[in-house]
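Q: fold the stuff below for me.
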Amino acid sequence: MSFTTFGLSDQVLQGVHASGYTVPTAIQALALRPATEGRDIIGSAQTGTGKTAAFVLPMLHRLSTLNGSTKHTHPRALVLTPTRELAQQVQDAVTTYGKFLHLRSGSIYGGVGMDGQIKMLRRGVDIIIATPGRLLDHMQRRTIDLSQVQILVLDEADRMLGMGFIDDVRKIVAKVPKDRQTMLFSATISSEVNSLASQILRNPHSVEAGHHRKPVETIKQNFYQIQTASKMDLLHHVLKSEKLESVLIFSRTKRGADKISERLEKSGITSTAIHSNRTQPQRMHALEGFRKGKYRVLVATDIASRGIDVDGISHVINYDIPRDAEDYVHRVGRTGRAGASGDAITFVSGEDREMLRKIERFTGKRFTAAPYEGFIAPERSAAPAHSPRHVSHERSHAPKHASSHQRSHGPRHASSQERSHGPRHASSQERSHGPRHASSQERAHGPRHASSQERAHSPRHASTHERTDAVSHGPYKKKASHGHAAGRPSGYKKGRKSFVFAKKKKSVRPMGSFSSDSAAWSNR
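A: Below is the predicted model of the structure:
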């Protein structure tokens with residue numbers, strides 16, 4: 001079977017043959033004839049089986065035969081895609097297959113300025129390929145008119161709905177004439193897709209090619225067991241040992257994609273990353289560089305998995321296993337396209353076992369995760385479990401880091417015998433000699449009745465040298481500066497039971513003696 005059997009115009013056939021295609025794929029063979037006749041289409045096929053040409057070729061044929069020689073200001077065909085990359089991919093297909101037609105096309109999506117898009121719309125176009133969000137922006141600004149649209153296409157409808165564009169799609173469809181041809185293509189036909197199709201399609205012709213839950217048979221799938229900490233080591237080993245030339249690596253996060261790309265670049269492997277945080281020029285530059293062989297590796301996230309249409313991708317590596325089993329099918333579908341062979345490698349860590357089971361249930365196939373032959377993960381030394389990091393010699397003698405022997409003599413860790421001599425555990429005889437039970441003679445020698453000689457050695461009456469030594473070991477250590485005495489904290493008032501901060505000049509609670517043994521002020 002050739003493309004000449006579907007009733008396509010000569011100019012369209014010229015474009016197909018100039019692209020090097022001679023035999024249609026399964027989805028194209030089923031959809032081209034009814035679509036060329038103007039029927040509504042709902043099509044489902046595996047990723048990488050040529051769905052784009054299945055709606056682009058009949059769209060070009062119908063536009064070229066319906067007043068094709070007349071210049072139109074407003075678009076007559078509208079294609080909605082979920083991502084910028086997919087919009088650019090469709091735009092490239094329209095340009096390639098329609099190179100012998102006098103049809104103008106353009107794409108509008110976010111990430112770039114609107115001025116250039118507005119100028120393009122004012123000049124007039126026949127075909128618009130757009131993402132829903134940016135198209136709504138133009139509709140609100142009234143820079144685009146959809147009243148003359150004759151063909152409406154929803155590409156990758158399941159992905160579009162999964163990204164939350166259902167309300168945007170309904171708003172756009174409401175502005176398109178009801179008398180139109182509508183084509184909906186999707187990798188999977190879910191209940192949400194069926195519900196949308198029943199609302200916007202009229203008596204559609206349904207086509208389905210292959211098993212949408214399984215990657216194409218030409219893709220070899222391998223799963224390798226690896227610890228998370230050794231994934232990068234295994235990736236380097238695979239890239240260097242097998243000498244892969246065109247590799248697409250998928251990461252679960254944007255930060256992870258950047259990190260993988262940076263580490264590969266440092267190891268001498270040309271690499272670049274593509275994800276939603278990159279500007280549109282950066283994303284286009286990365287795709288073009290990967291397509292031309294400037295970069296050996298392209299690291300991407302799932303958001304770009306359906307917009308990467310690069311011929312010759314030999315290997316797809318799932319550095320992170322996808323959370324959604326359906327995304328796995330779309331990831332590996334980036335290789336083995338159009339009947340070519342390809343390899344898919346997936347790293348599986350211990351925490352990924354459940355996701356592997358989901359993929360098995362979704363695809364209906366059993367997989368085994370085995371160690372990669374010839375790879376030995378490097379040993380990583382672990383830090384001692386109970387040793388503090390970077391402890392200096394001085395800190396090791398601080399109360400918090402004191403040895404068990406030292407702590408055993410502290411108040412909290414004192415032995416029972418030692419604690420028995422404390423105030424609470426003292427015997428009746430010992431307590432009788434305390435302040436309250438002391439005899440009049442003993443009390444006479446207490447702090448208030450102490451002799452002048454004894455008081456001279458108390459903290460308040462200590463000599464300047466003694467006070468300086470005590471304070472210098474305490475929490476209020478202060479160097480002699482700005483007119484303050486050496487060792488005396490700023491704001492200290494001699495002869496008063498208060499400590500006044502220099503700036504606030506506010507008294508705090510009364511303070512008693514200072515103990516150099518415990519290195520703390522105590523209220524007594």
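Q: going by C-alpha atoms from here, please, whenever you check contacts or count neighbours.
A: OK.
Q: tell me where the stretch 251-400 of the chain has strands.
A: Applying DSSP state E, counting those that start in this stretch to the stretch 251-400 of the chain gives strands spanning 271-274, 297-300, 315-318, 342-348, 369-370.
Q: these: which one's closest to residue 61?
A: Shortest separation from residue 61 across the strands of the stretch 251-400 of the chain is recorded for strand 342-348, at 32.9 Å, computed as CA to CA.
Q: which secondary structure elements does the closest one contact?
A: Counting contacts by 3 or more CA pairs under 8 Å, 6 or more residues apart in numbering; DSSP states H and E, strand 342-348 packs against strand 219-225, strand 315-318.
Q: orientation of the first one relative to strand 342-348 in degrees?
A: What separates the directions of strand 219-225 and strand 342-348 is an angle of 20 degrees, with axes from the mean of the first three to the mean of the last three CA atoms, to 10 degrees.
Q: mind listing residues that contact the helix or strand following strand 219-225?
A: Per DSSP states H and E, the first helix or strand lying C-terminal to strand 219-225 is helix 231-241. Contacts of helix 231-241 with the rest of the structure, by CA atoms under 8 Å, 6 or more residues apart in numbering, involve 226, 260, 264, 319, 347, 375, 377, 378.
Q: and the helix or strand just after helix 231-241, what does it pack onto?
A: Note on helix 231-241: by DSSP H and E, the next helix or strand toward the C-terminus is strand 247-250. Under the contact definition 3+ CA pairs under 8 Å, 6+ apart, strand 247-250 sits against strand 297-300, strand 315-318.
Q: just the C-alpha atoms of the last one, please, in CSV.
A: Coordinates of the C-alpha atoms in strand 315-318 are reproduced here as CSV (Å, rounded to 0.1, in the frame of the first residue of the first chain):
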residue,chain,number,x,y,z
HIS,A,315,18.6,4.6,23.5
VAL,A,316,16.1,6.0,26.1
ILE,A,317,17.3,5.8,29.7
ASN,A,318,14.9,6.2,32.6
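Q: note down every partner strand of it and its orientation.
A: For strand 315-318, the pairing partners within the sheet under DSSP bridges are strand 247-250 (parallel), strand 342-348 (parallel).
Q: other residues contacting the shortest one?
A: For strand 247-250, the surrounding residues in contact (CA under 8 Å, 6+ apart) are 257, 296-302, 313-320, 331.
Q: for the helix or strand harbouring residue 136, which positions count as buried?
A: Assessed by DSSP H and E, residue 136 sits inside helix 132-141. In terms of neighbour count (16 or more other CA atoms under 10 Å), helix 132-141 has its buried residues at 132, 134, 135, 136, 138.
Q: quick one: which of those is nearest residue 203?
A: Nearest member of the buried residues of helix 132-141 to residue 203, counting by CA to CA, is residue 132, at 24.9 Å.
Q: contact partners for that closest one?
A: Contacts for residue 132 were tallied using CA under 8 Å, 6+ apart; they are 80, 81, 82, 165, 168, 169, 172.
Q: remind me which residues of this structure are low pLDDT?
A: Counting by pLDDT under 70, the chain shows low-confidence ranges at 67-71, 210-214, 216, 303-307, 337-339, 380-524.
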